[in-house]
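1. coordinates only, no sequence provided:
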């Protein structure tokens, strides 16, 4: 009989006093440990859990200084790993995430189909109307930037914080380098992509109740754009030039050089002809046009290769084959 994986739920707690007890007490028996990380919460959410909840599965970690949601989750991961957890599910403490979905996030990892699972609120078109319009637009923009910077072209809803990860995938990540603020979900995907971990979207409904979200997409788009750009160049350099070269590497280099040459060559001669009030020779126009088209074609070929390079195998199966234990 297949052994059940040891599952831990990590709950970062910051200004969630009104919801944290409902979240903790609604977590089902399929979870073996519940780790609440009080991120120097001014409402003392962690202490409320300590004083109120008697569930022996619950452990509260109180941080002396605010680390941000990413820093709190990384602390929760380390605590869960030290306690022997094999799969760690992250749930926010504000009541936006349905704890009954834990099994849906754990199953693909436990079955060896993924290293990391994340929620996607855009699977059901009928339920999208529950999400504010500004969030729909913001998530669409952020999703496109995430695809470019992480290489996970088949994923959507990158800011969704309902996630699960296998301990082996977490152990190969530089957890101390993961972004500690709101960019951490996307930064996790970027770093998972560098180690070729398989990530799977889990369909879920959007839900907005009386809780107040601290994330304002209109305020983070600029910050996220800068970080996505940095991660994009790091990913391309690492995957296509540092770790190994392929035909796609040559397509990208040659394509960009030829494309830029075509633009620069055409612009120079257009300006020269306009300044001297003479017609641009047909041959000059053809050289510029063909260079731009050929360069664009090579860049598109590179993107096609990149689309097809999304990790297809679970990293934790490759790193550590299953070893039977007593009771298997």
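-> On my side now, so go ahead. None of the values given here were measured: they were computed from a predicted structure.
2. show me the shaky parts of the stretch 51-200 of the chain.
-> Counting by pLDDT under 70, the ranges of the stretch 51-200 of the chain that qualify are 126-128, 130.
3. if we use 80, what do you get?
-> By pLDDT under 80, the low-scoring segments of the stretch 51-200 of the chain are 123-139, 182.
4. residues of stretch 47-62 that come out buried?
-> Buried residues in stretch 47-62, counting neighbours by 16 or more other Cβ atoms under 10 Å, are found at 48, 49, 53, 58, 59, 60, 61, 62. From N, CA and C alone the C-beta is placed, and that goes for glycine too.
5. got it, and stretch 249-269?
-> Going by 16+ other Cβ under 10 Å, stretch 249-269 has these buried residues: 249, 251, 252, 255, 258, 259, 261, 262, 266, 269.
6. just curious, which of those is nearest to residue 100?
-> Using Cβ to Cβ, residue 252 comes nearest to residue 100 of the buried residues of stretch 249-269, at 44.9 Å.
7. surely the closest one and residue 302 touch.
-> Yes: using Cβ atoms under 8 Å, residue 252 makes contact with residue 302 at a distance of 4.4 Å.
8. quick one: mean pLDDT for stretch 305-312?
-> Averaging pLDDT along stretch 305-312 gives 93.
9. contacts for it next, please.
-> 151-154, 193, 196-199, 239, 246-248, 251 (Cβ atoms under 8 Å, 6 or more residues apart in numbering).
10. go on, stretch 139-151?
-> Contacts for stretch 139-151 (Cβ under 8 Å, 6+ apart): 122, 131, 152-153, 155-159, 186, 189-190, 192-193, 217, 221, 224-225, 227-229, 231-232, 235, 239, 306, 309-310.
11. from the residues you listed, list just the buried residues.
-> Buried residues within those, defined by neighbour count using 16+ other Cβ under 10 Å: 122, 131, 152, 155-159, 186, 189-190, 192-193, 217, 224, 227-228, 231-232, 235, 239, 306, 309-310.
12. picking that back up, now render the buried residues of stretch 47-62 as JSON lines, adding secondary structure and distance to residue 275.
-> Formatted as JSON lines, those follow (DSSP: H, G, I helix; E, B strand; the rest coil; distance: Cβ to Cβ, whole Å):
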{"residue": "48", "secondary structure": "helix", "distance to residue 275": "74"}
{"residue": "49", "secondary structure": "helix", "distance to residue 275": "73"}
{"residue": "53", "secondary structure": "coil", "distance to residue 275": "77"}
{"residue": "58", "secondary structure": "strand", "distance to residue 275": "75"}
{"residue": "59", "secondary structure": "strand", "distance to residue 275": "74"}
{"residue": "60", "secondary structure": "strand", "distance to residue 275": "73"}
{"residue": "61", "secondary structure": "strand", "distance to residue 275": "69"}
{"residue": "62", "secondary structure": "strand", "distance to residue 275": "70"}
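13. now stretch 19-29: buried residues?
-> Counting neighbours by 16+ other Cβ under 10 Å, one finds that the buried residues in stretch 19-29 are 19, 20, 21, 23, 24, 27.
14. centre of the chain versus that stretch, how much separation?
-> 25 Å (Cα atoms, centre = their mean, to the nearest Å).
15. what's next to that stretch, contact-wise?
-> By Cβ under 8 Å, 6+ apart, the residues outside stretch 19-29 that reach it are 9, 11, 13, 16, 34, 36, 45, 48-49, 52-53, 55, 58, 91-95, 97, 99-100, 102-103, 211.
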